[in-house]
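Student: Got a predicted structure here, sequence first:
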Amino acid sequence: MITVKNLQKTFHTMNGDLAVLKGIDQTIAKGEKVVVVGPSGSGKSTFLRCLNLLEQPTGGEIWFEGTQINRPDCNINLLRRKMGMVFQHFNLFPHLTVLSNITLAPVTLKLKTQEEAVNQAMQLLKRIGLADKAKAYPAQLSGGQKQRIAIVRALAMNPDVMLFDEPTSALDPEMVGEVLGVMKELAADGMTMVVVTHEMGFAREVANRVLFMDDGRVLEEAGPKEFFEHPKNERLKDFLSKVL
Amino acid sequence: MNTLLTALPLSYFSEFPQKFYESFIEKNRYKYIVTGLENTLLITVFAVLVGIVLGTLVALIRVSHQNNPKKLRVLNAIASIYLTVIRGTPMVVQLLIMWYIVFQSINVDPIFAAILAFGINSGAYVAEVIRSGIQSVDKGQVEAGRSLGLSQRDTMVKIVFPQALKNVLPAIGNEFIALLKETSVAGYIAIQDLTKGGDTIRSNTYDPYTSLMTVALIYLLIVMGLTALLGKLERRLHKSDNR
């Protein structure tokens, strides 16, 4: 579904060039759940953000559902409809109610009528147990509620793949569970997912494949059992000994 | 305090009905005030509209250029010159230039020239206010909008702009209040605005107190009304902040 070939990203900063991704090759199949772990600054978020072109790669190719997307002639907006994204800081629209947050994109893009969009949004809200918050504003919600609604907002576009960028890193510890719960449900439904996270428990339980990134490269990838119990790379062993 | 007392003889208060009669009733002098107020409001309202349109346009040009320096280079340069010139020269001079140079050989109502001059002036300040408002909106908001497949334009209109407007409403309100008061120099190109009207009464009656104080009071009342209105609007826009 997603194929990445020799992906490179260099940021041009005032202190010179900073190579964040140094050649990544990956293939993510339909229905697969890939979890990316690694230390801060390893490039895992940049990798994820390159997949829906929030960051423009400086080298390599990204293919999504049979088309190369990092080309000038690719309609980036059409592509993003099929890729939902969930952010570390939720990024709900604070001036809109929960319901409008969810219906904004489908209605604006004329994919659904207002009525259809509201029906779908209410259904999704019921699924995560927040139907009573439909008329509330984001400022009135807890972090966990905000993130669950951010997930639902992305789902309202009926995406083929969901990208999660450290979805639980900004949450109080007691709210992590409710967000991971929604994500697990989503995984069980067969959604293709790419998750950048520090939640090793989630990686172990849900992932088909875990990638370890450091210094702009994927240093190890394996099934979760193999990854956590028999790590081969020295850097990964060191990392796991600190986080587990 | 002493100078004020000598400037305003106490006898003024006992003579006030007489003074009032002379200033406003006699020879229908109140008409100077009424016409003046009409013109002042006319110029302000339309100059505000010109200012908003122009300011928003310039702000959008500046922001899109800043986000992507390759885009709109020429327009950004023009906008930049406009801001520098307008903010770097006095309003009265701009008004005089508009009337005596730009419209020198074209026959238009001076009020039209004034609306244009004040609108162009206001636009420069509004542009900077709106630009700061757009830039005050968190980058994550744009990313969230774009990640849902919304175009740059939709994201701007539906997500960034409403939040920017909320942030800058007090500053925009101040700008309009300043503009209302600034129109008092319209008399320079022989427009009978509120200030000029009051001044005409003063020169006819030789009584500066009644006429000028009345004019000041009217400005004050309008500004207080506008402030109250803006406060109301601001509270409505901040509905979503309540926890």
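Tutor: Received the coordinates, thanks. It should be emphasised that the depicted structure is a prediction, and the values quoted were computed from it without experimental measurement. Residues are numbered from 1 along each chain as shown, chains lettered A, B, ... in the order given.
Student: show me the residues around residue 117 that make contact.
Tutor: Answering for chain A, as no chain was given. A:102, A:103, A:106, A:107, A:156 (Cβ atoms under 8 Å, 6 or more residues apart in numbering or on different chains). Glycine gets a C-beta too; all of them are placed from N, C-alpha and C.
Student: meant chain B, my bad for not saying
Tutor: B:91, B:94, B:95, B:97, B:98, B:99.
Student: That one: which element?
Tutor: Under the criterion DSSP states H and E, the helix or strand holding residue B:117 is helix B:110-136.
Student: Now do that helix: distance to the chain's middle.
Tutor: Centroid separation for helix B:110-136 versus its chain: 8 Å, with Cα atoms, centre = their mean, to the nearest Å.
Student: And the next helix or strand past it?
Tutor: Using DSSP H and E, the helix or strand that follows helix B:110-136 in sequence is helix B:139-147.
Student: which other residues reach stretch B:145-158?
Tutor: Residues from elsewhere that reach stretch B:145-158, judged by Cβ under 8 Å, 6+ apart: A:52, A:54, A:77-81, A:83-85, A:93, A:104-105, A:108-109, A:153-154, A:157, B:60, B:142, B:159-160.
Student: so what pLDDT did residue 52 get?
Tutor: Using chain A. Residue A:52 is assigned a pLDDT of 93 by the prediction.
Student: That was the other one, I meant chain B.
Tutor: Looking at residue B:52, its pLDDT is 94.
Student: Could you do residue B:131 as well?
Tutor: At residue B:131, the model reports a pLDDT of 94.
Student: Could I get the contacting residues of it?
Tutor: Neighbouring residues of residue B:131 by Cβ under 8 Å, 6+ apart: B:58, B:59, B:62, B:63.
Student: Spatially nearest residue to it (excluding sequence neighbours)?
Tutor: Nearest residue to residue B:131, sequence neighbours excluded (Cβ to Cβ, 6 or more residues apart in numbering or on different chains): residue B:59, at 4.3 Å.
Student: next one: residue A:65
Tutor: That would be residue A:1: by Cβ to Cβ, 6+ apart, it lies 6.3 Å from residue A:65.
Student: is chain A contacted by stretch B:229-243?
Tutor: Yes. Judged by Cβ under 8 Å from any Cβ of the partner chain, stretch B:229-243 comes into contact with chain A at B:239, B:240, B:241, B:242, B:243.
Student: Compute the distance between the closest residue to the second one other than its chain neighbours and residue B:229, please.
Tutor: Nearest residue to residue B:240, sequence neighbours excluded (Cβ to Cβ, 6+ apart): residue A:137, at 4.1 Å. If you measure residue A:137 against residue B:229 using Cβ to Cβ, to the nearest Å, the figure is 24 Å.
Student: residue boundaries of the strands in chain A?
Tutor: Ranges of strands within chain A are A:2-13, A:16-28, A:33-37, A:59-64, A:67-68, A:83-86, A:161-165, A:192-196, A:209-214, A:217-222, based on DSSP state E.
Student: closest to chain B out of these?
Tutor: Among these, strand A:83-86 comes nearest to chain B, with 4.0 Å by Cβ to the nearest Cβ.
Student: quick one: pLDDT of the residue nearest to residue B:240?
Tutor: 94.
Student: what comes up buried for the host helix or strand of residue B:162?
Tutor: Per DSSP H and E: residue B:162 is located in helix B:161-182. Under the neighbour-count criterion of 16 or more other Cβ atoms under 10 Å in any protein chain shown, helix B:161-182 has B:161-169, B:172-177, B:179-182 buried.
Student: on that earlier part again, buried ones in the helix holding residue B:117?
Tutor: Neighbour counts over helix B:110-136 (16+ other Cβ under 10 Å) mark B:110-111, B:113-131, B:133-135 as buried.
Student: same check, this time on stretch B:224-234
Tutor: Neighbour-count burial for stretch B:224-234 [16+ other Cβ under 10 Å]: B:226, B:230.
Student: got the contact list for that stretch?
Tutor: Residues contacting stretch B:224-234 (Cβ under 8 Å, 6+ apart): B:169, B:170, B:173, B:176, B:177, B:180.
Student: tell me the contacts of the last one?
Tutor: Same thing as residue B:180. Residues in contact with residue B:180 (Cβ under 8 Å, 6+ apart) are B:40, B:44, B:219, B:222, B:223, B:226.
Student: Take these and write them to JSON lines, including secondary structure.
Tutor: Shown next, in JSON lines, are the contacts of residue B:180 (DSSP: H, G, I helix; E, B strand; the rest coil):
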{"residue": "B:40", "secondary structure": "helix"}
{"residue": "B:44", "secondary structure": "helix"}
{"residue": "B:219", "secondary structure": "helix"}
{"residue": "B:222", "secondary structure": "helix"}
{"residue": "B:223", "secondary structure": "helix"}
{"residue": "B:226", "secondary structure": "helix"}
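Student: give the contact list for residue 47.
Tutor: No chain specified, so I'll use chain A. Going by Cβ under 8 Å, 6+ apart, the list of residues near residue A:47 reads A:7, A:21, A:24, A:36, A:196, A:213.
Student: nope, chain B
Tutor: Counting by Cβ under 8 Å, 6+ apart, residue B:47 touches B:114, B:115, B:118, B:119, B:121, B:122, B:179, B:183.
Student: wait, the first one sits on residue B:185?
Tutor: Right, the one you point to is residue B:114. No. The pair residue B:114 / residue B:185 is not scored as a contact, 9.3 Å apart, by Cβ atoms under 8 Å.
Student: and chain B, which residues reach chain A?
Tutor: Contact residues, chain B versus chain A (Cβ under 8 Å from any Cβ): B:138, B:140-141, B:143-151, B:154, B:158-159, B:162-163, B:166, B:239-243.
Student: Buried ones among these?
Tutor: By neighbour count, with 16+ other Cβ under 10 Å, the residues of chain B next to chain A hold B:141, B:143-150, B:154, B:158-159, B:162-163, B:166, B:240 as buried.
Student: With respect to pLDDT, which of those ranks lowest?
Tutor: Ranking those by pLDDT, residue B:240 lands last with 74.
Student: Is it located within a strand, as I assumed?
Tutor: No. Residue B:240 sits outside any strand when classified using three-state DSSP, being helix.
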